[in-house]
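*Asks:* Return atomic coordinates for the entry below.
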Amino acid sequence: MSIPRSCEDTLRLVTGGEGVKEECCKHSAASSSTGSSSSSSSNKHGAFSNNISCVAGTGTNNVGSPLWRSPSHVAAFSSIFLFLVVAGLCRHTLPRLSGGPSAAVSSATLAETQRRLTADQCGEFPSIKIEKILVNNLGGLGPDTGKPPGMVFEVVMSNVGLPQTKAHLQVNAFTGYLPWWVGSNGLHGEWATINVRPNTAVGLVANFVDPETNKNLTLPRGYMTFFDIDAGHNGQKEFVTVSNFFPNYFVGDQTMVHTEEHLLVTTFWGRDSEFGHDNPVQHAELTPVQEKKSVTVQFGAEGLQAAVFKFGSLVGTSPREIRFGFQPTMLCSKTHMPDGNILDALELGQGNIFPRANGGEAATDFKSLGICVGKDCD
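*Replies:* Below you'll find the model as predicted:
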């Protein structure tokens with residue numbers, strides 16, 4: 001089955017009778033014991049792996065308890081919740097500097113810390129930096145209740161293949177949305193942040209708009225990174241399901257993220273319990289654990305009109321949060337090792353969490369992966 005290329009093909013899939021309710025029961029032991037299902041280092045879309053069995057949902061725009069489906073139903077569901085919108089749209093915290101005479105930090109140490117954090121080692125890659133949030137009203141639930149539904153961010157783009165550098169990033173929910181606390185949504189450091197109640201999910205679409213003409217932009221190249229994919233207590237796993245608008249994805253060596261590939265979507269599962277203490281706010285340096293819980297996807301040759309994805313969690317008691325941005329983080333961010341060493345993203349050895357292309361080989365052969373840097377992006 002080929003991925004639909006036209007609005008007509010998309011609408012045929014949308015009207016297939018499936019609802020957008022999808023929930024999950026239990027992983028098989030084989031699924032939960034593997035960290036990634038792909039071994040290809042050139043292109044991820046080739047075969048199914050780690051199959052799951054599921055129960056079809058009913059109705060539309062439901063956000064109830066997750067139930068697994070078979071891969072065929074997953075594909076049918078994917079065509080609904082992901083391509084519906086496409087048809088319509090054709091704490092790694094900053095280093096803490098303690099105060100007080102007994103903990104004075106020298107100016108040299110402070111300067112070095114600032115240099116590491118402000119130097120943009122991702123600057124030569126295609127990247128998009130979120131500058132500020134303009135509207136924070138996902139699903140019309142606030143906190144900016146007087147504004148149109150959705151989230152709008154002001155961004156600066158570089159090396160993405162467009163003559164302009166300024167744009168607006170719009171994020172909208174196309175399913176029901178049940179937040180834990182809307183005040184936590186928005187911009188945390190450099191990343192857009194969305195939270196959900198346990199045992200719910202929300203379908204999201206992100207697209208870029210020219211702020212002067214209000215027309216949708218197609219980005220010829222770029223990346224999208226999801227952070228902090230983990231879990232709560234008692235098997236409350238988070239998941240991010242992404243439409244396959246990308247030819248390659250990158251996870252860290254010894255990743256904590258479990259990957260399931262399907263025809264139309266790829267799902268990334270968090271398995272390790274954590275409650276917000278390792279959420280990143282900047283991309284210059286990440287801890288090994290932060291990198292192990294991150295995924296970077298690469299835009300395909302056809303460019304990006306809209307990134308369509310779904311975020312949620314299984315049954316549990318804790319609210320879950322996802323952070324995302326449009327930086328090539330796994331390809332360029334440095335690793336701040338426990339011993340204080342700062343390692344480059346592609347540096348092998350010394351326990352570094354270097355990126356692996358599609359869960360396979362180390363992502364060092366940029367040409368074969370279609371990755372450009374600096375003047376090669378011209």
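*Asks:* where do the helices sit along the stretch 251-378 of the chain?
*Replies:* Taking DSSP state H, counting those that start in this stretch as the criterion, the stretch 251-378 of the chain carries its helices at 288-292, 329-332.
*Asks:* Identify the residues contacting the shortest one?
*Replies:* In this structure, residues lying in contact with helix 329-332 by C-beta atoms under 8 Å, 6 or more residues apart in numbering are 121-122, 125, 223, 225, 227, 250-252, 283, 286, 291, 294-296, 345-346, 355, 363, 371. No exception for glycine: its C-beta is placed from N, CA and C like everyone else's.
*Asks:* where does Met151 land on pLDDT?
*Replies:* For Met151, the model assigns a pLDDT of 98.
*Asks:* how far away is the closest residue in space to it that isn't next to it in sequence from Leu178?
*Replies:* In space, and not counting its chain neighbours, Met151 is closest to Val171: 4.3 Å by C-beta to C-beta, 6 or more residues apart in numbering. Taking C-beta to C-beta, to the nearest Å as the measure, Val171 falls 17 Å from Leu178.
*Asks:* These two: who's more crowded?
*Replies:* Val171 (21 against 16; other C-beta atoms under 10 Å).
*Asks:* circling back: what subset of the contacts of helix 329-332 is buried?
*Replies:* Neighbour counting with 16 or more other C-beta atoms under 10 Å marks 121-122, 125, 223, 225, 227, 250-252, 283, 286, 291, 294-296, 345, 355, 363, 371 as buried within the contacts of helix 329-332.
*Asks:* so after the helix or strand where Val156 lies, what's the next helix or strand?
*Replies:* Using DSSP states H and E, Val156 sits in strand 150-158. Counting by DSSP H and E, the element after strand 150-158 in chain order, helix or strand, is strand 166-173.
*Asks:* Name the strands paired with that following strand and say parallel or antiparallel.
*Replies:* Strand 166-173 sits in its sheet next to strand 150-158 (antiparallel), strand 201-209 (antiparallel), going by DSSP bridges.
*Asks:* Out of those, which is the most enclosed?
*Replies:* Neighbour counts (mean count of other C-beta atoms under 10 Å) averaged over each of the strands paired with strand 166-173 peak at strand 201-209, with a mean of 23.
*Asks:* downstream neighbour of that strand in the secondary structure list?
*Replies:* strand 216-217.
*Asks:* what residues does that following strand touch?
*Replies:* Residues contacting strand 216-217 (C-beta under 8 Å, 6+ apart): Leu89, Leu162, Ala167, Asn207, Phe208, Val209, Asp210, Gln305, Ala306.
*Asks:* list the contacts for the spatially closest residue to Leu187 that is not a sequence neighbour?
*Replies:* Among residues not flanking Leu187 along the chain, Ile133 sits closest, at 4.4 Å (C-beta to C-beta, 6+ apart). Going by C-beta under 8 Å, 6+ apart, Ile133 touches Met151, Val152, Phe153, Glu154, Gly186, Leu187, Ala192.
*Asks:* pLDDT below threshold where in the stretch 251-378 of the chain?
*Replies:* 274-284 (pLDDT under 70).
*Asks:* so which of the helices of the stretch 251-378 of the chain gets nearest Ser158?
*Replies:* Ranking these by proximity to Ser158 (C-beta to C-beta) places helix 329-332 first, at 12.6 Å.
*Asks:* which pair in the contacts of Ile133 spans the largest distance?
*Replies:* Most distant of the contacts of Ile133, by C-beta to C-beta, are Glu154 and Gly186, 12.8 Å apart.
*Asks:* Phe299: what's it in contact with?
*Replies:* Leu219, Pro220, Arg221, Gly222, Tyr223, Met224, Phe245, Phe246.
*Asks:* What of Asp210?
*Replies:* Asp210 neighbours (C-beta under 8 Å, 6+ apart): Gln164, Ala167, His168, Leu217.
*Asks:* Relative to Thr364, how far out is it?
*Replies:* 36 Å.
*Asks:* number of nearby residues for Ile130?
*Replies:* 19.
*Asks:* Gly374 touches Glu124, doesn't it?
*Replies:* Yes - with contact defined as C-beta atoms under 8 Å, Gly374 counts as touching Glu124 (4.1 Å).
*Asks:* So Phe125, which state does it fall into?
*Replies:* coil (DSSP: H, G, I helix; E, B strand; the rest coil).
*Asks:* mind listing what the closest residue to it other than its chain neighbours touches?
*Replies:* Leaving aside its sequence neighbours, Phe125 sits nearest to Pro328 (C-beta to C-beta, 6+ apart; 4.4 Å). Contacts for Pro328 (C-beta under 8 Å, 6+ apart) come out as Cys122, Phe125, Pro126, Ser127, Gly222, Tyr223, Thr225, Thr296, Gln298, Ile371.
*Asks:* 10 Å instead, please
*Replies:* 122, 124-128, 159, 222-225, 250, 283, 296-298, 345, 355, 371, 373 (C-beta atoms under 10 Å, 6 or more residues apart in numbering).
*Asks:* so what's in contact with Gly374 and Glu124 at the same time?
*Replies:* Common neighbours of Gly374 and Glu124 (C-beta under 10 Å, 6+ apart) are Asn159.
*Asks:* who's more crowded, those two?
*Replies:* For Gly374 versus Glu124, the count of surrounding residues by other C-beta under 10 Å is larger for Glu124: 17 against 10.
*Asks:* hang on, the more buried one packs against Asp378?
*Replies:* No - using C-beta atoms under 10 Å, Glu124 makes no contact with Asp378, being 11.3 Å away.
*Asks:* Touching both of those two, which residues are there?
*Replies:* Asn159, Cys372.
*Asks:* all helices in the stretch 51-200 of the chain, in order from the N-terminus.
*Replies:* 71-81, 83-89, 107-118.
*Asks:* Report the mean per-residue pLDDT for the longest one.
*Replies:* By that I understand helix 107-118. Here the average pLDDT along helix 107-118 is 47.
*Asks:* Chain neighbours aside, what residue packs nearest to Thr218?
*Replies:* Gly303 (4.7 Å).
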